[in-house]
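Visitor: any chance you could fold what I've pasted below:
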Amino acid sequence: MKKVILICLLFLLLLPALNVFSASYQKAEMFNRHGLVRESKAELINIIFSNASITEKAQAYYLLGLIAYTEKKVNKALKSWR
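Guide: I've put the predicted structure just below:
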């Protein structure tokens, strides 16, 4: 019983950390939508170098590449998409 309570408490403590990465990606998307490209890039790079999941990192690389492509930096876009 004590183990179950301990596991539940640990889960509740770690739950906010799970949402940090998705919130960070959403923040980067919002920055980009509103023309704050530099801030968006910084947020995406933070995701890439964080403990985010592979899926979240893939999304960050994709958006980073899309930003580079819209800036006509095709080589950087291709590197991001690899």
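Visitor: thought K27 was touching E43?
Guide: Yes. Between K27 and E43 there is a contact under CB atoms under 8 Å: 5.6 Å. Yep, even glycine has a C-beta here, placed from its N, CA and C like the rest.
Visitor: the two: which is more packed in?
Guide: E43 (23 against 17; other CB atoms under 10 Å).
Visitor: leaving out the residues flanking it, which one is nearest to that one?
Guide: A28 (3.8 Å; CB to CB, 6 or more residues apart in numbering).
Visitor: pull the helix or strand with minimum mean pLDDT from the chain.
Guide: For the chain, counting by mean pLDDT, DSSP states H and E, helix 2-33 ranks last in confidence among helices and strands (a mean of 71).
Visitor: show me what the helix or strand that that one is followed by is packed against.
Guide: Later in the chain than helix 2-33, the nearest helix or strand by DSSP states H and E is helix 37-48. Applying 3 or more CB pairs under 8 Å, 6 or more residues apart in numbering; DSSP states H and E, one finds that helix 37-48 contacts helix 2-33, helix 54-70.
Visitor: gap between E43 and M30?
Guide: E43 is 9 Å from M30, where distance means CB to CB, to the nearest Å.
Visitor: verify the stated contact: F31 with L44.
Guide: No. Here F31 does not reach L44: they are 9.2 Å apart, not a contact under CB under 8 Å.
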